[in-house]
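# Okay, sequence plus prediction incoming.
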Amino acid sequence: KTHLHKWDVRYEYKSPDCYRKLVMTINGRTPGPTITAEQGDTIVVVLKNSLGTENTAIHWHGIRQFGTPWSDGAEGVTQCPILPGESFTYRFVVDKAGTFMYHGHYGMQRAAGLNGLIIVSPRLGLPEPFTYHHDRSILLTDWYHASTFDQAVGLSSVPFVFVGEPQSLLINGRGEYNCSLVAKTPAPGTGNGSIPTCNSNSPECAPFSLTVVHGRTYRLRIGSLASLSTISFQIEGHEMTVVEADGSYVEPFVTKNLIIYSGETYSVLVKADQPPTRNYWLVTSVVARKPATPNGLAIFNYYPNHPRRNPRTSPPAGPQWNDTASRLSQSRAIKARKGYFESPPQKPDRVIELLNTQNKINGQFKWSLNNLSLALPSTPYLVALKKKLKGVFDAEQPPDQVNLDSYDIYDVAKNVNATSSSRIYSLEFNSTVDIVLQNANTMTPNNSESHPWHLHGHDFWVLGYGEGTYDSNRDPQYYNLVDPIMKNTVPLHPYGWTAIRFRADNPGAWFFHCHIESHFFMGMAVVFEEGIGMVGRLPSSVMGCGKTKPHRSLG
Ligand SMILES: O=C1O[C@H]([C@@H](O)CO)C(O)=C1O
């Protein structure tokens, strides 16, 4: 079955957290419409760029794009940007059941509200290993009042201006900013004050309310497309059984707080088993960075209570933001469900270790992998590779390793300078590749951050997490080769390492990057290519920029 969606992407003034500002909408909405389909269906999205003065591109997060690498939506890697006024058609097959997402992949547009969910149900007749009465979804984001232009310029300025902590946490696109904190000077887009800058009574920021019936079991699909924050999600008085992660079935485990990194999706089962005489809080809170953002709140509404009645209880507090040990143990608890997984190849053909560091290049703040910070070329890699265009990117591959033995991950680097590079990794088609992500101290003493790493075009097995410096002789002995979960996004914990394995079996060029929007913008990404010879004929719509610009003589 083919699903055709016509999307109009534009800027509008909206008040998702009661504060009025420019947001990017799809057909008038942020989050955009949820795409629902059955495994094996084809999705066609005809995207019209009505932004007026800005390019765009949309990535289908978690969809592997077998046979359609040009539909991945990664501007600079798989396509030229979609120009204002132009339309672009994405066409791809959703080959796997599960919970996925989509979002802008041009500049920092994801943070402007260009995001949504993709829900793929199993092919008819394929039962899932759990049952529930109702299927509901929740998209989590964090929200800034500064525009993405302000953010992007700050990040590339000398001196560096960081985006800082977000103003709000949104649940299904709704949050509540404390309007008394807003300056009295009218903000842009308020008609010089005739429309309030911040309006607590705006229906756009009324909290999301999830209505449940006592005794029923709900499958909650929860995805995070936060720009910066790692989020703890909980429902007052209720436990959650985790059953799916990034489209793979999880060996069920019960938790009160689900820690969710940007780019991850989970399904949890929740039984509405509490006294139905009142409503309960749905709460999101920031962890892994020192929070300066109030909790996100929504209402877990027991029928027949009024869906907008706030519980009189105070919302439960989240876990300690700096409790790294409990976050590491949740990561380790996520295993593939018995009877529902594919075992990984037992040995890799190639091991790439990526040392994650915060650096400087010409005074600008950057993030680097093995001392190289990615700078995208103006011609997309996929097009350059397929058409054998010369001089688009640095020909040499980035290093597979740097010497970790001589690098003190607990200290600020002795030399913080890095190099800007457009080099990419060439993987042998169908080979098995291990990636070891190694975390380190930032340029701030005694500070190491969490980074969710997202791979395009593949799922990977999560082989293990460790603390300290990875030891290539010792640590692989403890990899989980029995029941590792397959994911597309995985956290790298502070001062730790994470090892993943994947098969380079998808012809194309694929991003692998930190899913924190500002870190990605600061170069925290690498690109892999494999099997380019097998890539089909590229649609001309992905071209038109850089070396693929048509040059006509005007003579
Ligand atoms: O990339 C980042 O920069 C800041 C800080 O390290 C320097 O201002 C921060 O918190 C980040 O995550």
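Received the coordinates, thanks. The model shown is predicted, which means the values in this text are computed figures rather than measured ones.
# for the ligand, what are the nearby residues on the protein?
Within the chain, the residues that sit near the ligand (C-beta under 6 Å from any ligand atom) are 162, 358, 442, 444, 449, 518-519. For the C-beta atoms, the positions are set from N, CA and C on the backbone; glycine is no exception.
# If we use 8 Å, what do you get?
Contact residues, the chain versus the ligand (C-beta under 8 Å from any ligand atom): 160, 162, 228, 289, 358, 365, 367, 442-444, 447, 449, 516, 518-519, 522.
# and those, which are buried?
For the residues of the chain next to the ligand, a burial check counting by 16 or more other C-beta atoms under 10 Å picks out 228, 289, 358, 365, 367, 442, 449, 516, 518-519, 522.
# Counting only helices, which of the residues you listed make the cut?
518-519 (DSSP state H).
# just the buried ones among the residues of the chain next to the ligand now: which is nearest residue 487?
residue 516 (16.9 Å; C-beta to C-beta).
# Is that closest one in contact with residue 489, as I believe?
No: contact criterion C-beta atoms under 8 Å: residue 516 and residue 489 do not qualify, at 11.4 Å.
# what's the overlap in contacts for those two?
Taking C-beta atoms under 8 Å, 6 or more residues apart in numbering as the criterion, residue 516 and residue 489 both touch 262, 452.
# Closest residue of this structure to the ligand?
residue 162 (4.2 Å; C-beta to the nearest ligand atom).
# now that residue: how far from residue 139?
With distances taken as C-beta to C-beta, to the nearest Å, residue 162 is found 25 Å from residue 139.
# Then residue 535?
For residue 535, the distance to residue 139 - C-beta to C-beta - is 32 Å.
# out of the two, which sits in the more crowded spot?
residue 139 (24 against 20; other C-beta atoms under 10 Å).
# Pretty sure residue 172 is one of the things that one touches, is it not?
Yes: between residue 139 and residue 172 there is a contact under C-beta under 8 Å: 5.7 Å.
# so what sits against both of the two?
Joint contacts of residue 139 and residue 172 (C-beta under 8 Å, 6+ apart) are residue 31.
# Now for residue 319, how many residues are close by?
16.
# The stretch 251-400 of the chain: helices as residue ranges?
324-333, 381-386 (DSSP state H, counting those that start in this stretch).
# any chance of those in CSV, plus mean neighbour count?
Listed next are the helices of the stretch 251-400 of the chain as CSV, based on neighbours: other C-beta atoms under 10 Å:
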stretch, mean neighbour count
helix 324-333, 16
helix 381-386, 24
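# will you turn those helices into a markdown table that also has mean pLDDT?
Conversion of the helices of the stretch 251-400 of the chain to a markdown table gives the following (pLDDT from 0 to 100):
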| stretch | mean pLDDT |
| --- | --- |
| helix 324-333 | 97 |
| helix 381-386 | 98 |
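# quick one: which of those is nearest residue 94?
Per C-beta to C-beta, nearest to residue 94 of these: helix 381-386, 20.7 Å.
# which residues are contacting the closest one?
Residues outside helix 381-386 that contact it (C-beta under 8 Å, 6+ apart) are 69-70, 76-80, 377, 389, 392-393, 424, 508-509, 527, 529, 532, 535, 538, 542-543, 547-548.
# how about a cut-off of 6 Å?
By C-beta atoms under 6 Å, 6 or more residues apart in numbering, the surrounding residues in contact with helix 381-386 are 69, 77-78, 392, 509, 527, 529, 532, 535, 538, 543, 548.
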